[in-house]
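J.: my questions are about this predicted structure, shown below with the sequence.
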Amino acid sequence: MAYSDEQIRQVRELIQKGADSATIERQTGVAARTQRTWRRKHGWAVDGDVVRQIEYRIQELMLLDSPTPEQNELLGTLIDKLGRFNEQKEKTEDRRIKSTAVPGIRKKKNDFSGIDIDGIERPPFFEYQQEFLDDKARDRFYLKSRQIGFSWVVAWEALEDAMMSGKNKIFISASKNQVGQIRTYVKQFSVKYYRVQLSGTDKITIINPQGDLVEFHFLSTNSTTTQSYHGDLYIDEFCWIPNLRDLLDTALAQASHKHYRITYFSTPSVKSHYSYNIWEGLDEFGRKVDDEISRRVITIHDAEKKGCNLFDMDRLKKRFTPRQFAFLFLCEWIDDEGSIFKMADLEACYHKTKVKTDGGKLALENASLPDYKNTGNPVYIGYDPNGGGKNGDSASIAAGEHRLDRLRIIGSHTFNNKSINWQAATIKSWVKKYKAGFLGIDVTGIGEAVYNLVRDLPHEVDWPLTIKRFTYDRENKINLILHIERIVAGRKLEFDSEDKMILQSFLAIKAGTTGAGRSTIMADRKKGIGHADLFFAIAHLAYNFPIEHSRLRSSVPVGVSHGSGSGRGTPHSSDKPKPSTSIGVSNGSRKAS
C-alpha cells in the first residue's frame, strides 16, 4: 500500500513525540508493522526534549510528600513509558553501530564461537593506553586527566580479555549514563573488530571463542544486587561516588576470587572523599597500609608526551582558569579542609532523576540537567567581574532559575583576561537570553566600570529588571555567604551533577582568621586559585532567593532599576539611571579580609 508524504510526515512527528504504535495507526492509518519498518529505515526515535520532559515530570511527582492516587498512577505510567523509550533508544543505537561497521557482520548476535582471536587486529592505542593494557597488577588505581580516552581503552581490555579468559566483567559508575558510555564502546569494538553485534543493556551475555558463557554487567551505584555477581571489577569515576565505603562493602566481594582483578579509574575529587585514603594507601585512621595496589597518574601532559595529539593546549589554557586546568587535566586533588561547604551537602544538591533499580524499585540517580526552556519561572543573573590582576584574574557569570522552592543553576561560565567592554556585552547577552529579572554584580574595583556599562539595561528590555550593586565589608560578605550556605543546607540549590566547577568553587570558600586574629571567610588562594569567582557569581544571584532565617537585610530586591512590565523602561528624571541599592557600603577588600 502506498502512503502519502503527509502520512509519512505525521508518523515521523508522532514517533518523535513518543506516541505508541496503536495511537499512530489510529490517527494516520499506517499499520504498526510499517511504522517499525520506517523506524529502522530512517532511524526515527523519540525526541530528546520529550524524554527530558517526562524525566522532569517523574521527578516532580516523586518529590511530592503526599501524592494522590491519580498522581501515583500517572507516575507509574510515565516510568513505564520512559522505559519503553530507553529500549527504543537502545535498539536505534544498535542499528546505528551496525550500519557504520565494516561488512561481514555475523547473523547470530553475541556469539564469538570459532573466531580466531590471534588474527584480530587491535585498535591504534597511544603509548599510555598500551601501558595500561600491559599493567597486569591484580588491583589498579588510575588517576587520570579528562578526555584522554581512558574509558575507551578500558572497554577494549574487558572485551579482549573476555575472549581469552572467559571471566565475567562488572562495570560500576555513578550513573546509568556514565556506565552506558562504556557499554557503547564495548559494542562498537565488538562490531568493528570481531564482526559480532551485541544485544543487551544492563546485562550482556556472550559466547566466547572457547564456548564459555561470559557476562558483562553495567551497573550504577543504585544497583541493589551487586553482591550476586562475580568477575573482574571496574569502577569508573571512583573518586566521585557518594557513600563510597558502603558501595565497596558489597562491590569488592564480587572480585574476591584470586583470579579476578579490580580497577579504579577516575579524575580526582576532594581530599575528604574516602577515595583519597585509598589513593594515599591509608586506612580509615590515616595509617599507611600495604594494599598492593598499582597506582598510576596520567596528566594531560603525560598523555601528550606519549602520543596524544588531540589537544590544543594554548586554547585550553585560555578557556580554563589555572585552578580549573589543574583540576581537570593535571590530576590535582581539591583540598577542602576548612571549607564552609561539605562535599556531601553539595552532592545532595545535584540534579537527580528517578530510575528503576535492577531490583525493580525506584531510586534517585544523579543526572545532567535538561536543556533550559523558558516556562515563565523567574531567572536571576549573578556576575563577578575580572579583577584585572597581573596574572589575568578570572571572571564568572551564572544564571539561576527560581523553581517553586528550589534555585536551579541553569548556566555558568568562567573566563580570563577579558576587557570590561567584553564583560559588559556578555552580561547583556545573558540577561536577554534568559529574560532575567534580576542582575547582581560586584562593583568593587573594576566591577564599577563594568556596572557603568550595563546600568542602562533596564531601559533596553521590555520586562522588569532589577540591577543590584554589591560592595563588601567583613560583615556583609559573611552574611551573603551564610545566606547561600542556608540554601545549600536546606537542599534548595540544584545544579548539574556533571558540573564539577560549581562544586569546586564552593569548596574553595573557607573559614580563617585575618592578620589581626579576627575570624573571617575567604577564598582559597593556593596555586593560583584566585577568588572563587564562580561561587560569588552564584552567591550574587542567590541573594534574590528567599530563605528562612537569612541575616541579609532583604532576600528580595530592594534596589529598583527596572523597565515597566508593559513596555520599555521609564526614564529617570536625571540623565543617568539611579543606581540600585548596594548590599554593603564599605570599600573594604574584595572577598577576603
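T.: Arrived safely, thanks for sending. These figures come from a predicted structure and were not determined experimentally.
J.: excluding chain neighbours, what is closest to F536?
T.: In space, and not counting its chain neighbours, F536 is closest to D384: 4.3 Å by Cβ to Cβ, 6 or more residues apart in numbering. Every C-beta, even on glycine, is put in place using the N, C-alpha and C of the backbone.
J.: wouldn't that neighbour be in contact with H540 here?
T.: Yes - D384 lies in contact with H540 (Cβ atoms under 8 Å); the separation is 6.8 Å.
J.: between those two, what contacts are shared?
T.: Counting by Cβ atoms under 8 Å, 6 or more residues apart in numbering, the shared contacts of D384 and H540 are I441, D442.
J.: quick revisit: number of residues surrounding the residue nearest to F536?
T.: Residues near D384, counting by other Cβ atoms under 10 Å, number 30.
J.: likewise I300?
T.: By the measure other Cβ under 10 Å, the count of residues near I300 is 22.
J.: identify the residues contacting it.
T.: S145, I148, F311, M313, L316, F329, L330.
J.: repeat that with 6 Å
T.: Neighbour list for I300: S145, F329 [criterion: Cβ atoms under 6 Å, 6 or more residues apart in numbering].
J.: what does the model give it for pLDDT?
T.: The model reports I300 with a pLDDT of 97.
J.: how close does it sit to R287?
T.: Distance, I300 to R287, using Cβ to Cβ, to the nearest Å: 33 Å.
J.: what of N452?
T.: On the measure of Cβ to Cβ, N452 and R287 end up 58 Å apart.
J.: more crowded one of the two?
T.: N452 (14 against 8).
J.: not counting sequence-adjacent ones, nearest residue to I409?
T.: Excluding the flanking residues, the one nearest I409 by Cβ to Cβ, 6+ apart is F495, at 4.2 Å.
J.: that neighbour contacts I502, correct?
T.: Yes - contact between F495 and I502 holds when scored by Cβ atoms under 6 Å: they sit 5.1 Å apart.
J.: which helix or strand in this structure has the lowest average pLDDT?
T.: For the chain, using mean pLDDT, DSSP states H and E, the weakest element among its helices and strands is helix 48-62, scoring a mean of 61.
J.: what strand or helix carries the closest residue to S412 other than its chain neighbours?
T.: Leaving aside its chain neighbours, S412 sits nearest to A398 (4.3 Å; criterion: Cβ to Cβ, 6+ apart). Using DSSP states H and E, A398 falls within strand 394-403.
J.: again, but for Q178
T.: helix 176-194.
J.: and that helix, what does it pack onto?
T.: Under the contact definition 3 or more Cβ pairs under 6 Å, 6 or more residues apart in numbering; DSSP states H and E, helix 176-194 sits against helix 69-99, helix 150-165, strand 169-173, strand 213-220.
J.: and it, what's buried?
T.: Within helix 176-194, the residues that count as buried by 16 or more other Cβ atoms under 10 Å are 176-183, 185-191, 193-194.
J.: ok, the nearest residue to C349 once chain neighbours are set aside to E401 distance?
T.: In space, C349 comes closest to L493 once its chain neighbours are excluded; the distance is 4.5 Å by Cβ to Cβ, 6+ apart. For L493, the distance to E401 equals 12 Å [Cβ to Cβ].
J.: so what strands line up beside the following helix or strand past the strand holding A398?
T.: Downstream of strand 394-403, the next assigned helix or strand under DSSP H and E is strand 406-416. Counting by DSSP bridges, the strands paired with strand 406-416 are strand 394-403 (antiparallel), strand 493-494 (parallel).
J.: which strands and helices sit next to the helix or strand following strand 406-416?
T.: The helix or strand immediately downstream of strand 406-416 is helix 420-434, counting by DSSP H and E. When contacts are defined as 3+ Cβ pairs under 6 Å, 6+ apart, helix 420-434 packs onto strand 379-384, helix 447-454.
J.: switch to 7 Å and redo it
T.: Counting contacts by 3 or more Cβ pairs under 7 Å, 6 or more residues apart in numbering; DSSP states H and E, helix 420-434 packs against strand 379-384, strand 394-403, helix 447-454.
J.: pick the most deeply packed of these.
T.: strand 379-384 (a mean of 27; mean count of other Cβ atoms under 10 Å).
J.: run me through the strand neighbours of it, direction for each.
T.: Applying DSSP bridges to the sheet, strand 379-384 is found paired with strand 394-403 (antiparallel), strand 438-442 (parallel).
J.: what's in contact with the last one?
T.: This points to strand 438-442. Contact with strand 438-442 is made by 380-385, 427, 431, 447, 450-451, 465-470, 536, 540-541, 543-544, 557, as judged by Cβ atoms under 7 Å, 6 or more residues apart in numbering.
J.: and for the first one?
T.: Taking contacts as Cβ under 7 Å, 6+ apart, the residues outside strand 394-403 that touch it are 321, 377-386, 407-416, 418, 423, 426-427, 430, 434, 436, 530, 533-534, 537-538, 541-542, 545.
J.: that strand vs helix 447-454, what angle?
T.: Here the directions of strand 394-403 and helix 447-454 differ by 60 degrees (axes from the mean of the first three to the mean of the last three Cα atoms, to 10 degrees).
J.: S199 against K109, yeah?
T.: Yes - applying Cβ atoms under 7 Å as the test, S199 and K109 come out as touching, 4.8 Å apart.
J.: distance of N243 relative to P268?
T.: As judged by Cβ to Cβ, N243 and P268 stand 18 Å apart.
J.: looking at the two, which is more packed in?
T.: Neighbour tally, N243 and P268, criterion other Cβ under 10 Å: the higher count belongs to P268, 23 against 12.
J.: per-residue confidence for the residue nearest to S412?
T.: For A398, the pLDDT comes out at 97.
J.: tell me what it is bridged to.
T.: Taking DSSP bridges, one obtains G382, S412 as the residues bridged to A398.
J.: give me the spatial nearest neighbour of the spatially most central residue of the chain, chain neighbours excluded.
T.: The geometric centre of the chain, computed from its C-alpha atoms, lies nearest to E498 (Cα atoms, centre = their mean), at 1.3 Å. Nearest residue to E498 in three dimensions, chain neighbours excluded: S368, at 5.3 Å (Cβ to Cβ, 6+ apart).
J.: element containing the one you found, please.
T.: Here S368 is covered by no helix or strand, with elements defined by DSSP H and E.
J.: is it in contact with F495, as I believe?
T.: No - S368 is not in contact with F495 according to Cβ under 7 Å; the separation is 10.4 Å.
J.: so for these two, which sits in the more crowded spot?
T.: F495 (23 against 15).
J.: which residues touch that one?
T.: Shown in contact with F495 (Cβ under 7 Å, 6+ apart): C349, Y350, H351, I409, I502.
J.: and the fourth one, how close does it get to E157?
T.: In this case it means I409. Counting by Cβ to Cβ, the gap from I409 to E157 is 37 Å.
J.: so which of those two has more stuff around it?
T.: With neighbours defined as other Cβ under 10 Å, I409 and E157 compare such that I409 has more, 24 against 18.
J.: how much space separates the more buried one from L541?
T.: Counting by Cβ to Cβ, the gap from I409 to L541 is 8 Å.
J.: over to H483?
T.: To L541, H483 is 12 Å away according to Cβ to Cβ.
J.: quick one: which of these two has more around it?
T.: Between H483 and L541, counting by other Cβ under 10 Å, L541 is the more crowded of the two (27 against 20).
J.: I'd say that one and V379 touch.
T.: No - the pair L541 / V379 is not scored as a contact, 8.8 Å apart, by Cβ under 7 Å.
J.: in stretch 123-134, what counts as buried?
T.: Those would be F125, F126, Y128, Q129, F132, for stretch 123-134 by 16+ other Cβ under 10 Å.
J.: which one of the residues you listed sits closest to T205?
T.: Ranked by distance to T205 (Cβ to Cβ), the buried residues of stretch 123-134 are led by F132 at 26.1 Å.
J.: and for that closest one, nearest residue in space, chain neighbours not counted?
T.: Nearest to F132 is V153, by Cβ to Cβ, 6+ apart, at 5.7 Å.
J.: who's in contact with the one you found?
T.: Counting by Cβ under 7 Å, 6+ apart, V153 touches F125, Q129, F132, L133.
J.: can you do 10 Å?
T.: P123, F125, F126, Y128, Q129, Q130, E131, F132, L133, Y185, F265 (Cβ atoms under 10 Å, 6 or more residues apart in numbering).
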